[in-house]
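Engineer: Take a look and give me a structure for this.
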Amino acid sequence: MGTLRPQVITTEKILTSFVSPAGDRNAAMIGTSTWGPIDTMTIVSNLNEFVNYFGDDITGTGVTGIKGADLFFRNGGTLKFVRVEDGNADYADYMTLITSTSAINIIGKYKGTYGNNIAITVTANATTAANRDIEITDGKTLEIFNNNGAGYATNALIATAINATSNIATAAVESGQESTIIDAVTKTYLTGGLDGTSLATADYTDALDNVLYTEDFNFLLIPGLSTNAVHATIVGTLGSRATAEKKYSRYLTGIAVDETITTALARTASGKRLSVLAPNIKYTHRVDNTEDVYDGSYLACAYAGLLCKIGIAISGTHETISVEGLSVLESSGKEYYTKAEQEQLLQGGILPIALIGTSIQAARGVTRIGDSTSVFFDEVVVDIVDYVRGATEQYTETTLGKPNTIERRAIWAGRIDAILASAQREEIIQEFQPSVLIEGDSPDTYLATVSIKPSYSVNFVQLTININ
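Structural biologist: Residues are numbered from 1 along each chain as shown. The predicted structure follows:
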């Protein structure tokens, strides 16, 4: 039996974290939520902003965005979020009446269960009883519509006022009821809001193709998606995007809940634009305070926040990640990989997160390039080369249409070298050779050669102890 004694039951919902300022990089996330625009990119810089735009978690809804954003912002960074739904999301609404005739439908501004928090109150105006005053609230914001104290004489005027200024609802007048006036309504909640959280692969890929394809972001996150086949599809799209749009980014994701090392190593999705994290992550639900285990794609959200906070030249290797805990095998209670297991995962191109010393850290930041001897096996090299490639391509595009002369090519080479010198000062690259620009086989073409040495991370230390 539950507690019977009357008392105040308090739940703390953290909306901020003590983290370092965001760095030069950002992440894009595709996920579900209880509120907010659908298939639209919104830039958010902290968890409080995210909750204001997209709503908080609600017990039983299975939304992914708030959990991913929470973990991301615990570690830092700026997020470009795209809300998606499965085609079944719906608006919460309430139909006001005139006796028993439908009059004005009050509708949540966005689809989703958050709309069920919205309530409407309709009262007679204090001065002119035949007129109506309206209050709409979601529990945080109270919107009052009273026509500067005079009230509204018709349904059309009420709907016009709501649609002009409300941030949480819209109003639709039934045909033929424009000049009538609705009955008074005691505080009544809208109903019927649905989130649409049973997504198919196409829902995610459509968002990437239609919303994010030409956007600038360094890392792509899709919390709740841990299927190998989908990972391969997403990476293929990022590769095409890099070629066609010259937009460079990596997909950070993870393994499924309770997935064994053997199964993880058997995954076939690969490429330098993919990092698959292991294991799973412990997470406390923001509303009901229950702890659960979520797949590695949520761990990737926390890791991406870390990468967005640190410098481009700094690998995630042995950097501390702010998370509640890890779970290698939920069924057995195993939390952390051993050093031998970390090595096994790295040999297969899986990025292991483990307890290193007293902190949860990445054992080594790697990609799924498929060749551990490739320089692109280390994620930091991919990011550095993407940075230099993007900066030099952006500049050389400004030379298109200009005279292809020796004098101009010398100037352009000097400006490319200035870009590289800046990257060297920031320790993104160690050194570079003077850029060479020469006329190509065709007089309307020039050949540009840029030579750099990235700032490789320290992965091994050979320590010699001389005992005399």
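Engineer: who touches residue 291 in this structure?
Structural biologist: 282-285, 324 (Cβ atoms under 8 Å, 6 or more residues apart in numbering). C-beta here means a position set from N, CA and C on the backbone, and glycine is covered the same way.
Engineer: Most neighbours among those residues, which one?
Structural biologist: residue 283 (21 neighbours; other Cβ atoms under 10 Å).
Engineer: if I've got this straight, it is in a helix?
Structural biologist: No - under DSSP: H, G, I helix; E, B strand; the rest coil, residue 283 falls outside any helix and is assigned strand.
Engineer: how near is it to residue 324?
Structural biologist: 6 Å (Cβ to Cβ, to the nearest Å).
Engineer: Residue 426 too?
Structural biologist: To residue 324, residue 426 is 34 Å away according to Cβ to Cβ.
Engineer: Kindly report the same for residue 268.
Structural biologist: Relative to residue 324, and taking Cβ to Cβ, residue 268 is found at 31 Å.
Engineer: Residue 156 now?
Structural biologist: Counting by Cβ to Cβ, the gap from residue 156 to residue 324 is 53 Å.
Engineer: just residue 229 next, same as before
Structural biologist: Taken as Cβ to Cβ, the span from residue 229 to residue 324 is 30 Å.
Engineer: How is the chain divided into domains?
Structural biologist: What the record gives for the chain is the domain set 29-85+199-362, 93-189, 375-454, from automatic domain parsing.
Engineer: Residue 464 is nearest to which of these?
Structural biologist: In terms of Cβ to Cβ, the element of the domains of the chain nearest to residue 464 is domain 29-85+199-362, at 21.7 Å.
Engineer: Report the distance from that closest one to the chain centre.
Structural biologist: 9 Å (Cα atoms, centre = their mean, to the nearest Å).
Engineer: Likewise for stretch 188-206?
Structural biologist: 17 Å.
Engineer: which of the residues in it are buried?
Structural biologist: 190, 193-197, 199, 203-205 (16 or more other Cβ atoms under 10 Å).
Engineer: do the same with stretch 335-352
Structural biologist: Those buried within stretch 335-352 under the rule 16+ other Cβ under 10 Å are 335-337, 341-342, 344-346, 348-352.
Engineer: start to end distance for it?
Structural biologist: Start-to-end span of stretch 335-352 (Cα to Cα, to the nearest Å) is 12 Å.
Engineer: one step back: next, give me the two most distant ones among the buried residues of stretch 335-352.
Structural biologist: 335 and 349 (22.8 Å).
Engineer: Reformat the buried residues of stretch 188-206 as a markdown table; add secondary structure and pLDDT.
Structural biologist: Shown next, in a markdown table, are the buried residues of stretch 188-206 (DSSP: H, G, I helix; E, B strand; the rest coil; pLDDT from 0 to 100):
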| residue | secondary structure | pLDDT |
| --- | --- | --- |
| 190 | coil | 98 |
| 193 | coil | 96 |
| 194 | strand | 95 |
| 195 | coil | 95 |
| 196 | coil | 94 |
| 197 | coil | 94 |
| 199 | coil | 93 |
| 203 | helix | 95 |
| 204 | helix | 95 |
| 205 | helix | 94 |
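Engineer: how about CSV for those residues, with distance to residue 128 added?
Structural biologist: Shown next, in CSV, are these (distance: Cβ to Cβ, whole Å):
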residue, distance to residue 128
190, 27
193, 34
194, 39
195, 41
196, 43
197, 46
199, 50
203, 50
204, 53
205, 56
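Engineer: Just name the closest of those to residue 450, please.
Structural biologist: When the buried residues of stretch 188-206 are compared against residue 450 (criterion: Cβ to Cβ), the nearest one is residue 205, at 33.4 Å.
Engineer: Quick check: end-to-end length of stretch 25-45?
Structural biologist: First-to-last residue span, stretch 25-45, Cα to Cα: 12 Å.
Engineer: what about that stretch, average pLDDT?
Structural biologist: The average pLDDT within stretch 25-45 is 97.
Engineer: in it, what counts as buried?
Structural biologist: 25-38, 41, 44.
Engineer: Need the max-distance pair from the residues you listed.
Structural biologist: 25 and 34 (28.1 Å).
Engineer: what ranges do the helices span in the protein?
Structural biologist: 47-54, 65-73, 155-165, 201-207, 228-245, 261-265, 296-309, 339-347, 379-397, 406-425 (DSSP state H).
Engineer: Of all those, which one is nearest residue 95?
Structural biologist: In terms of Cβ to Cβ, the element of these nearest to residue 95 is helix 155-165, at 12.0 Å.
Engineer: which residues touch the closest one?
Structural biologist: With Cβ under 8 Å, 6+ apart, helix 155-165 has contacts from 103-104, 106, 132, 134, 136, 143, 145, 147, 152, 169-173, 177-182.
Engineer: Show the buried residues in those.
Structural biologist: Looks like the contacts of helix 155-165 have 103-104, 106, 132, 134, 136, 143, 145, 147, 152, 169-171, 173, 177, 180-182 buried, using 16+ other Cβ under 10 Å.
Engineer: Could you list the low-pLDDT ranges of this protein?
Structural biologist: Scanning the chain for pLDDT under 70 picks out 1-23.
Engineer: could you redo the last one with a cut-off of 90?
Structural biologist: 1-24, 57-62, 76-77, 285-290, 311, 330-333 (pLDDT under 90).
Engineer: what about the longest strand in it?
Structural biologist: strand 429-439 (DSSP state E).
Engineer: mind listing what the residue nearest the centre of the chain touches?
Structural biologist: By Cα atoms, centre = their mean, the mean C-alpha position of the chain lies nearest to residue 29, the distance being 2.5 Å. Listed by Cβ under 8 Å, 6+ apart, the contact set of residue 29 reads 65, 68-69, 72, 79-82, 220-223, 301.
Engineer: all strands in the stretch 101-250 of the chain, in order from the N-terminus.
Structural biologist: With DSSP state E, counting those that start in this stretch as the criterion, the stretch 101-250 of the chain has strands at 101-108, 119-124, 132-137, 142-145, 169-173, 185-189, 219-221, 250-254.
Engineer: These: which one's closest to residue 460?
Structural biologist: Among the strands of the stretch 101-250 of the chain, strand 250-254 sits nearest to residue 460 (Cβ to Cβ), with 23.6 Å.
Engineer: any idea of the angle the closest one forms with helix 379-397?
Structural biologist: Counting by axes from the mean of the first three to the mean of the last three Cα atoms, to 10 degrees, strand 250-254 points 150 degrees away from the direction of helix 379-397.
Engineer: Check what contacts strand 250-254 and list those residues.
Structural biologist: With Cβ under 8 Å, 6+ apart as the criterion, strand 250-254 contacts 27, 218-222, 225-226, 231, 234-235, 238, 272-278, 280, 295-301, 303-304, 307, 367, 379, 382-383.
Engineer: before we move on, what about stretch 420-435?
Structural biologist: Outside stretch 420-435, the residues within contact range by Cβ under 8 Å, 6+ apart are 311-313, 384, 387-388, 391-392, 413, 416-417, 448-456.
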